[in-house]
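J.: Got a predicted structure here, sequence first:
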Amino acid sequence: MPDVQAARDARNVAIDRVGVKDVVYPITLRTPDGGEQSTVATINMYVALPHYRKGTHMSRFLEVLNDHACKPLTPDRIPALTQAIRDKLDAEEAHFAATFTYFINKRAPVTGQPGLMDYRVTFECSSNGEAEFVIGVRAPATSLCPCSKEISRYGAHNQRCHIEAKVRTSALMWIEDLVALCEGAASHPVYAVLKRPDEKFVTERAFENPKFVEDIVRDLALALERDERVSWYSVSSENFESIHSHNAYAQITRLKRPD
């Protein structure tokens, strides 16, 4: 049968990324305690298309993904999968991204009540002969406004925030590690279950640790600068203001200088 996608294209316009989006697929993750957690990821796969080629072969992306389904899809296998996409589609560059929900059992700070916290996690990989793998997490937290605390006779307004960190590493970094770094940059973490002693503890600790959105990203950047596993990072925080109709946002991206 004629291979229309492989035909030449006379417009001479290269395409940066072409492929498939929103593929729903199971993924298995190792946990620090030696166990596993299974979840469902939304996966995007792309290649760079040269100017002379009319199209790419969309079915081949799924063929590669299914070829790797003989074993659970785990983070350490993603660079090889991305390289396989590049090879299968005869492309100069390939990209893979998976987004999923990851659960961590987190105990309340005073009563120890357990509760499952959900975090959005991303795995991204690009391959142009060498693979670059990036892990990202988005952690909810709470922040308390330093200005409001300073100018008010009593109280201070606070807000939920979403703190995001993406990192490239030279050694294993657990999702739990990156979550802890994100939460440590906030006024205080949030929890799935809080009894009254826990709520008192959290609100008082947040009051004692006020932070602007700028403080959050700077503190997180410094924590990642100190982590020898991290070679590159991009961090951000979006604070959902409780007394304004807008949100506050800050972002930092850095390639760490070698020592």
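T.: Received, thanks.
J.: For the rest of this, base every contact and every neighbour count on C-alpha atoms.
T.: Noted.
J.: shaky segments in the protein?
T.: In the predicted model of the chain, residues 1-4, 6-7, 70, 257-259 satisfy pLDDT under 70.
J.: Where is the longest helix in it?
T.: Secondary structure of the chain per DSSP state H: the longest helix is helix 213-226.
J.: Okay, angle between the helix or strand following it and helix 213-226 too, please.
T.: Scanning forward in sequence from helix 213-226 by DSSP states H and E, the next helix or strand is strand 230-240. With axes from the mean of the first three to the mean of the last three C-alpha atoms, to 10 degrees defining the directions, strand 230-240 sits at 160 degrees from helix 213-226.
J.: Could you list the paired strands of strand 230-240 along with their orientation?
T.: Sheet pairing of strand 230-240 (DSSP bridges) gives strand 158-169 (antiparallel), strand 248-255 (antiparallel).
J.: Just checking: what are the partner strands of the helix or strand encompassing residue 118?
T.: In this structure, residue 118 is located in strand 114-127 according to DSSP H and E. For strand 114-127, the paired strands and their directions (DSSP bridges) are strand 94-107 (antiparallel), strand 131-144 (antiparallel).
J.: and for the first one, what are the contacting residues?
T.: By C-alpha atoms under 8 Å, 6 or more residues apart in numbering, the surrounding residues in contact with strand 94-107 are 39-48, 78, 82-83, 85-86, 113-128, 176, 191-193.
J.: and residue 37, bridged to which residues?
T.: residue 29.
J.: That one against residue 30, yeah?
T.: Yes - taking C-alpha atoms under 8 Å as the definition, residue 37 is a contact partner of residue 30 at 6.4 Å.
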